[in-house]
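Asks: show me the folded form of this:
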Amino acid sequence: MAFTWMMTWLTACMEKTVNWETTTSVPDTFFPAATRLVSGGAVLGGYIQGGDLGAIQDQRAAIYFWDGTSAAAVYNGPGWVVSLAADGAAVWAIAATLDPSGADSQYRALRSIDGGHSWADCGGVPGSSIAQVLSVGPDEAWALGMETLLRTTDAGQHWTPVTAGGARNSVSERLAKVGGRVVITGDGVRATADGGRTWLENGVDGSTVYAVDGGTVLARHEGALKLGVMESGGPRWRATFPESLRPFRLVVDGQTIRWLALSSGADVGDGIKLYESLDAGQTWTAWRLPAQAKAEAADLGQGGRAVFLDTRRRIHAPPVAPN
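Replies: Prediction:
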């Protein structure tokens, strides 16, 4: 019985290269860092490289808006964009510049309240090595960095430190908004519904948690990458995946479960992997996206929406409407 199950698993998960529509491209001088689906399309953040290739002083932060057919530049400023996040029409970004000494970075927040079509600079963001932003609404956003967790509720005029259990690490932790709560995944799951004043913590049996959506969780448990459903006594594990995968996005849409991951070990740099189940996790299909091998280089949404920028700066999406 176990042998039959394993053969079914291997057959279902033979990797395929995704064959989505190529809609348009962005300039070869654009180096992407983050991609986010929004209403009517997607936003892509990074920088435009001018002058000598690799010269940080010649980089200009850039954001493009893709409407499903074409892409247009909607923001240009100093430095480079490190992270993007959307919540309805409220889209936030973190941009970085070198400090005067050239040894460290300074950060500032950018905000769009029209779904990414236009942007405003909201001023500086204190903190060290900020790598993630989370949009909670037009006036509220969170920022995560090394030993740094910050929150603004006044459109970026002020940023307040937030205390949560554990030590903040923007490499091993991720911010998410799940069911109206702000969630930190990493060493278990921490969730708050009151701006960080109190936290619900779930160690998920000491697992390393990569992503959560509703009651579904992707975690490394007892050395194996597993997908499970949270229950009162802990997760009920439903599927096991290759150890080399490092998930960074999970979307549960009824019976459909889809998630994105990077590869590590011998497969590092091999694009982005998309796993999809149409029967609530019983069987799976694995796809390879020929995208830049970094978290935030692709995004998933409800209703089969998805987008990624390939290594030739071409934008790919499934053949569905982007709205």
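Asks: use CA for all of it now, contacts and neighbours both
Replies: Noted.
Asks: my guess is Lys294 contacts Ser263, does it?
Replies: No: counting by CA atoms under 8 Å, Lys294 stays clear of Ser263, with 9.4 Å between them.
Asks: what's the overlap in contacts for those two?
Replies: Counting by CA atoms under 8 Å, 6 or more residues apart in numbering, the common neighbours of Lys294 and Ser263 are Gly271, Ile272.
Asks: mind listing the strands for the stretch 1-150 of the chain?
Replies: For the stretch 1-150 of the chain, the strands defined by DSSP state E, counting those that start in this stretch occupy 15-17, 21-25, 30-38, 41-49, 59-66, 71-78, 80-87, 90-98, 105-112, 120-125, 132-135, 141-145, 148-152.
Asks: now those strands in CSV, with distance to Ala306?
Replies: Listed next are those as CSV, based on distance: least, CA to CA, whole Å:
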stretch, distance to Ala306
strand 15-17, 15
strand 21-25, 11
strand 30-38, 7
strand 41-49, 9
strand 59-66, 12
strand 71-78, 16
strand 80-87, 14
strand 90-98, 17
strand 105-112, 21
strand 120-125, 26
strand 132-135, 19
strand 141-145, 23
strand 148-152, 28
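Asks: show me the one of these that comes nearest His316.
Replies: strand 21-25 (4.6 Å; CA to CA).
Asks: show me what Gly124 is bridged to.
Replies: Beta-bridge pairing of Gly124 under DSSP bridges involves Arg108.
Asks: for Glu296, helix, strand, or coil?
Replies: Put simply, Glu296 is coil when judged by DSSP: H, G, I helix; E, B strand; the rest coil.
Asks: what does the model give it for pLDDT?
Replies: Per-residue confidence at Glu296 stands at 86 (pLDDT).
Asks: give me the phi and psi for Thr153.
Replies: Per-residue torsions, Thr153: phi -120, psi 10 (degrees, to the nearest 10).
Asks: what about it, how many neighbours?
Replies: By the measure other CA atoms under 10 Å, the count of residues near Thr153 is 17.
Asks: swap in Val136?
Replies: By other CA under 10 Å, neighbour count at Val136 equals 24.
Asks: leaving out the residues flanking it, which one is nearest to His316?
Replies: Nearest non-adjacent residue to His316, counting by CA to CA, 6 or more residues apart in numbering: Thr22, 4.6 Å away.
Asks: what sits against the closest residue to Ser244 other than its chain neighbours?
Replies: Excluding the flanking residues, the one nearest Ser244 by CA to CA, 6+ apart is Ser264, at 5.0 Å. For Ser264, the contact set (CA under 8 Å, 6+ apart) comprises Ser244, Leu245, Arg246.
Asks: you'd agree the first one is up against Ala261?
Replies: Looking back up the chat, that one is Ser244. No: taking CA under 8 Å as the definition, Ser244 is not a contact partner of Ala261, at 9.5 Å.
Asks: cheers, nothing more for now.
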